[in-house]
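Colleague: The sequence and its predicted three-dimensional model are supplied below.
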Amino acid sequence: MDKHLEESCVDSQQVYSGHFLTVARDTVRLPDGNTAAREYIRHPGAVVILPLLPDGKILLERQFRYPLHRVFIEFPAGKIDAGEDPLLCAQRELVEETGYTAGNWQHVCTIHNAIAYSDEHLEIYLARDLVAGEAKLDEEEFLETISVSLDDMLQWVREGKITDVKTVIGTFWLEKILAGEWTARD
């Protein structure tokens, strides 16, 4: 159906391999028969958690993100380890970063956050029936948690105080779910 748009790989080279990212440079055959170069980041995927507290507020994190040299407000999230089930990863990340466990988990959706230059996908989960505990941050991880209302989150998205794409998308999903307009999957 989409053959007239597809590109096919002629040659692939790994040009960088790091701790969890690799960079590839492929030569592709275009639909018109010509060739072109495509450079992209290979990423193992990640999870995003929309943690809904018993009082109706939402649990968020404030974390410094080095590439942009500033603190961002975002949902808890983390990289999926090789062979790890995404739901188990979400459960692990929520405890590690916030100390909370959740009694109810629902898959919300899958997003591809940087389709022009990465194969990364994010699995978004709604976490309810939260119980507080002790965070188990990674050795090189520093963050703080805050709880805010959905109305505040929406305002922060409007004002540009929240710009992280996974958090913006998660906020809109949460708004629809809490209004009963959309449902997450069990």
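Modeller: The structure has been received and is ready for your questions.
Colleague: Show me the chain divided up by domain.
Modeller: Following automatic domain parsing, one finds the domains of the chain at 8-42, 46-178.
Colleague: In which helix or strand does Ile146 reside?
Modeller: Secondary structure assignment for Ile146, by DSSP states H and E: strand 143-148.
Colleague: which neighbours does that strand have in its sheet, and in what orientation?
Modeller: Applying DSSP bridges to the sheet, strand 143-148 is found paired with strand 58-65 (antiparallel).
Colleague: which residue ranges form the strands in this structure?
Modeller: Using DSSP state E, the strands of the chain run over 8-17, 22-29, 35-42, 46-51, 58-65, 70-74, 77-79, 101-111, 122-131, 143-148.
Colleague: Mean neighbour count for the ones you listed - can I get that in TSV?
Modeller: All C-beta atoms are positioned from the backbone trio N, CA, C, and that covers glycine. Conversion of the strands of the chain to TSV gives the following (neighbours: other CB atoms under 10 Å):
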stretch	mean neighbour count
strand 8-17	10
strand 22-29	15
strand 35-42	13
strand 46-51	25
strand 58-65	18
strand 70-74	16
strand 77-79	19
strand 101-111	15
strand 122-131	20
strand 143-148	14
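Colleague: show me where pLDDT drops low in the chain?
Modeller: Within the chain, the stretches falling below the threshold (pLDDT under 70) are 186.
Colleague: need the domains of the chain in a markdown table with distance to Asp2, can you?
Modeller: Listed next are the domains of the chain as a markdown table, based on distance: least, CB to CB, whole Å:
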| stretch | distance to Asp2 |
| --- | --- |
| domain 8-42 | 10 |
| domain 46-178 | 15 |
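Colleague: quick one, which of those is nearest to Met1?
Modeller: domain 8-42 (13.4 Å; CB to CB).
Colleague: Ends of the closest one, what's the gap?
Modeller: End-to-end span of domain 8-42 (CA to CA, to the nearest Å): 17 Å.
Colleague: now do stretch 15-34
Modeller: 23 Å.
Colleague: coming back round to it: and the strands of the chain as CSV, adding distance to Gln155?
Modeller: Putting those into CSV (distance: least, CB to CB, whole Å) gives the following:
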stretch, distance to Gln155
strand 8-17, 40
strand 22-29, 38
strand 35-42, 32
strand 46-51, 18
strand 58-65, 13
strand 70-74, 12
strand 77-79, 22
strand 101-111, 22
strand 122-131, 21
strand 143-148, 10
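Colleague: Among the ones you listed, which comes closest to Lys161?
Modeller: In terms of CB to CB, the element of the strands of the chain nearest to Lys161 is strand 70-74, at 6.7 Å.
Colleague: The closest one versus strand 46-51: what angle between them?
Modeller: Using axes from the mean of the first three to the mean of the last three CA atoms, to 10 degrees, the interaxial angle of strand 70-74 with respect to strand 46-51 works out to 60 degrees.
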